[in-house]
Every structure is written in C-alpha cells, then in structure tokens.
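Participant: Sequence and predicted structure, then a few things I'm wondering about:
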Amino acid sequence: MIELILALVTGFVVGVIFTALKLPIPAPPVLSGIVGIFGVYLGSVGYNWIVERFFS
C-alpha cells in the first residue's frame, strides 16, 4: 500500500513541476497509457509463468 501512496505523491509532484514550468505532461494519452501499463504488467506475469512452467 505504501508503494501506491508513494507513486501517487511522486506523480502529483511531477505534474505540479511540469505544469509550473509550462511543459507538456510526461505521460501518454490516458487510454493508451493505461493499456501500455497493463501490457507491461501482463508481460511480467507472462514471463514469470513461462519461466516457472518450462525452466524450473
């Protein structure tokens, strides 16, 4: 749970800094960003499954 809070606080601080400096937000559009994060998570889970299933 602490990781989620730290990620949220860090994202908030980065958002404030980038907006204060009038820079574009360093994130992809909302839907594609969520799908990308989900893909990274699925890749991690898939890798662990493949390693456990075939190489252990």
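Facilitator: Perfect, I can see it now.

Participant: who touches Phe18 in this structure?
Facilitator: Pro24, Ile25, Pro26 (C-beta atoms under 8 Å, 6 or more residues apart in numbering). For the C-beta atoms, the positions are set from N, CA and C on the backbone; glycine is no exception.

Participant: Just send those back as TSV, with distance to Glu3 and secondary structure too.
Facilitator: Shown next, in TSV, are these (distance: C-beta to C-beta, whole Å; DSSP: H, G, I helix; E, B strand; the rest coil):
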residue	distance to Glu3	secondary structure
Pro24	27	coil
Ile25	22	coil
Pro26	20	coil
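
Participant: Of the residues you listed, which is the most crowded?
Facilitator: Ile25 (10 neighbours; other C-beta atoms under 10 Å).

Participant: Any idea which residue is closest to the centre of the chain?
Facilitator: Ile37 (5.0 Å; C-alpha atoms, centre = their mean).

Participant: longest helix in the chain, by residue count?
Facilitator: helix 30-54 (DSSP state H).

Participant: Centre of the chain to it, how far?
Facilitator: Relative to its parent chain, helix 30-54 has a centroid offset of 11 Å by C-alpha atoms, centre = their mean, to the nearest Å.

Participant: who's in contact with it?
Facilitator: Helix 30-54 is contacted from outside by Ala27, Pro28, using C-beta under 8 Å, 6+ apart.

Participant: Okay, buried residues for that helix please.
Facilitator: When neighbours are counted by 16 or more other C-beta atoms under 10 Å, no buried residue of helix 30-54 is found.

Participant: could we number from 59 for the rest of this?
Facilitator: Got it, the first residue is 59 from now on, which makes the last one we talked about helix 88-112.

Participant: And the helix or strand containing Val74, how far out from the chain middle?
Facilitator: Using DSSP states H and E, Val74 sits within helix 60-78. A distance of 12 Å separates the C-alpha centroid of helix 60-78 from that of its chain, computed with C-alpha atoms, centre = their mean.
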